[in-house]
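K.L.:
here is my input; please provide its structure:
(2 chains)
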There are 2 protein chains.
Amino acid sequence: MSQPIIGPGPGRDAAVGQTAPPPTGPAHSDPADQTTLRLRLDLAYDGTDFAGWAKQPGRRTVQGQLEAGLAQVLRLDRAVSVTCAGRTDAGVHALGQVCHVDLPATVVRHGRVLAVADHLAAWLGRALPDDIVLRALSAVPAAFDARFSALWRRYVYRLWDDPAAVDPRRRRWVALVHRPLDCAAMAQAGPALLGLHDFTALSRARPGATAIRRLTQLDLVRHPDGLIELTVQADAFCHSMVRSLAGALTAVGQGRRDARWLADLLDRPQRANEVQVMPACGLTLEEVGYPPPSELASRAAQTRRVRRWEGGGH
Amino acid sequence: MSQPIIGPGPGRDAAVGQTAPPPTGPAHSDPADQTTLRLRLDLAYDGTDFAGWAKQPGRRTVQGQLEAGLAQVLRLDRAVSVTCAGRTDAGVHALGQVCHVDLPATVVRHGRVLAVADHLAAWLGRALPDDIVLRALSAVPAAFDARFSALWRRYVYRLWDDPAAVDPRRRRWVALVHRPLDCAAMAQAGPALLGLHDFTALSRARPGATAIRRLTQLDLVRHPDGLIELTVQADAFCHSMVRSLAGALTAVGQGRRDARWLADLLDRPQRANEVQVMPACGLTLEEVGYPPPSELASRAAQTRRVRRWEGGGH
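P.N.:
Below you'll find the model as predicted:
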């Protein structure tokens, strides 16, 4: 689906002026404009000091830092716009965020990208602040859309239920609850949420937007050192859905609610106000899955068709 | 060897006025003063924002915060002095630091400790800043000395050798080296350092102090996510010894030095200036081992006899 940029490919002409079929050479995002190049960026970040993914005036955001880094490294006259798979909220972390960006025609035409291709990943990596790490940079077919081509997202919510078990080095990315959790009860109740459901009760969905999602994984593990990890995977998540899922399961684990209550949430037509949205710090976007290159375009079209995107964070 | 303080023990009189044999009741640090109580504290801390363990005027240190927390919780008139197993340097972390402290006679005599025993651990835990976690608090025999009774210390030095592999959430406790490491070469060369040796070349020992230590473990593991962990265990470590060991092994892993050079370091009568002392942030004191209660006193006497303590950090 993607190939690392480690050189200008088969030749400058092939990349600038012709349509090179993936995966043997960089493809172009717009068949009508052969000079635009789409890049995939794989990122990890510590969300602690960011006001979330999405660019906001006067706030430090991941998107803002990334677009500024690209503009600096490529010496762009105007800003580029980066699209991501999971628009994380303020304080939420990522190990496997995926984005795409189209490099402007002028940059590609002037051969700047090709000239710097060998070093682009290293330069951009160095241009980014310490709390954003560029894991990989590659040229992708124009059909690759970080957001709409994605098949699934996997998040992990991490928490401790004992103040004495806290590893202070990890306190910025693991949440602490002050009552012991019965993980067995949580693990028993959780699977009721698996499958295709309306998660309106467990989201902060925008009015009019659907909250129908397919939850394909819900695992709960308590590690020997006391760390509890809740892993969830779905085709996509609504705004605050993972943190609401974690809050609902925590209520079960603390004995405040039972398995029946959890399962019945799926029948509610409105947000369940008794469900706590757990602190952002415990949440990490771990991985995003994509189809093989031949299915990228059809997947994106299908996603756009069946779901109006909320644009909210997780 | 130690028992959690979860109540005043067999009775107030037993703890205040009599010598209760361990482990059935709290013992006393000074047979001549039956009213002093020795506590063992197990701590974890994020060393990032500390100027090391040892108290220094005007600096934020772990010892300083801990002694202030004890004074606050126990409403002490004068400061208590806490002794630890491993005097970590500025920026060095701990998951298994062990300390002891003698509560003043006045506190014990007034019954204050006994009255608060149920809650002391919780109160002290809350009095400490977020970057220090109290893992356990227990009454111990007077023969227990966190420093001199210890049989061994285990440290882990963590590093990445690829900027793209960095997990930004862990960047405060994993060091980054900018050249790839040949872990197989390091793992092959390392065991030459095992056993009883003079580690003068790999320390910053004080003049006149011995650097003879028994290194009992040296393991190197590269995890699937790229994280490299160097685990070392010894009866004790000299100042900067673990960070120097990590620096010497890194030189081997980067091909700048070979296994022969590493082994020959043990024959040098002076510090090897070509050995880099690796950054403090990568180092964590993981665990300290103690003998069974019956051997505490003899172990402490033996340690004092064979080794003049340097008092330096790691």
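K.L.:
which residues in chain A form helices?
P.N.:
Assigned by DSSP state H, chain A shows helices spanning A:12-16, A:62-74, A:105-109, A:112-127, A:183-189, A:241-253, A:259-264, A:296-306.
K.L.:
could you give the average pLDDT over the longest one?
P.N.:
Right, helix A:112-127. Across helix A:112-127, pLDDT averages out at 74.
K.L.:
list the contacts of A:T284.
P.N.:
A:T284 makes contact with A:V92, A:H93, A:A94, A:L95, A:Y155, A:V156, A:Y157, A:R158, A:W173, B:R169, according to C-beta atoms under 8 Å, 6 or more residues apart in numbering or on different chains. The way it works is simple: take the backbone N, C-alpha and C, and place the C-beta from them, glycine included.
K.L.:
that one bridge partners, please.
P.N.:
As for beta bridges, A:T284 partners with A:H93, A:V156 under DSSP bridges.
K.L.:
let me see the domain layout of chain A.
P.N.:
Structural domains annotated on chain A: A:3-149, A:152-288, as defined by automatic domain parsing.
K.L.:
returning to what we had before: and the contacts of A:T284 as TSV, adding distance to B:Q302, pLDDT and neighbour count?
P.N.:
Formatted as TSV, those follow (distance: C-beta to C-beta, whole Å; pLDDT from 0 to 100; neighbours: other C-beta atoms under 10 Å in any protein chain shown):
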residue	distance to B:Q302	pLDDT	neighbour count
A:V92	53	98	29
A:H93	48	98	28
A:A94	52	98	30
A:L95	48	98	20
A:Y155	53	98	28
A:V156	47	98	22
A:Y157	49	98	25
A:R158	43	98	20
A:W173	43	97	23
B:R169	43	98	25
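K.L.:
quickly check: stretch A:51-64 near chain B or not.
P.N.:
No: for stretch A:51-64 and chain B, the contact criterion (C-beta under 8 Å from any C-beta of the partner chain) is not met; the two come no nearer than 10.8 Å.
K.L.:
for that stretch, give the mean pLDDT please.
P.N.:
Per-residue pLDDT values over stretch A:51-64 give a mean of 97.
K.L.:
quick check, distance from it to the centre of its chain.
P.N.:
On the basis of C-alpha atoms, centre = their mean, to the nearest Å, stretch A:51-64 sits 15 Å off its chain's mean C-alpha point.
K.L.:
buried ones in it?
P.N.:
A:A51, A:G52, A:W53, A:A54, A:K55, A:T61, A:V62, A:Q63, A:G64 (16 or more other C-beta atoms under 10 Å in any protein chain shown).
K.L.:
so which residue of the stretch 51-200 of chain A comes closest to chain B?
P.N.:
Proximity of the stretch 51-200 of chain A to chain B (C-beta to the nearest C-beta) peaks at A:P168, 4.2 Å away.
K.L.:
ok, that residue - contacts?
P.N.:
Under the criterion of C-beta under 8 Å, 6+ apart, the neighbours of A:P168 are B:A44, B:Y45, B:D46, B:H93, B:D130, B:D131, B:I132, B:V133.
K.L.:
first to last residue in stretch A:292-299, what's the distance?
P.N.:
Between the opening and closing residues of stretch A:292-299 lies a distance of 10 Å (C-alpha to C-alpha, to the nearest Å).
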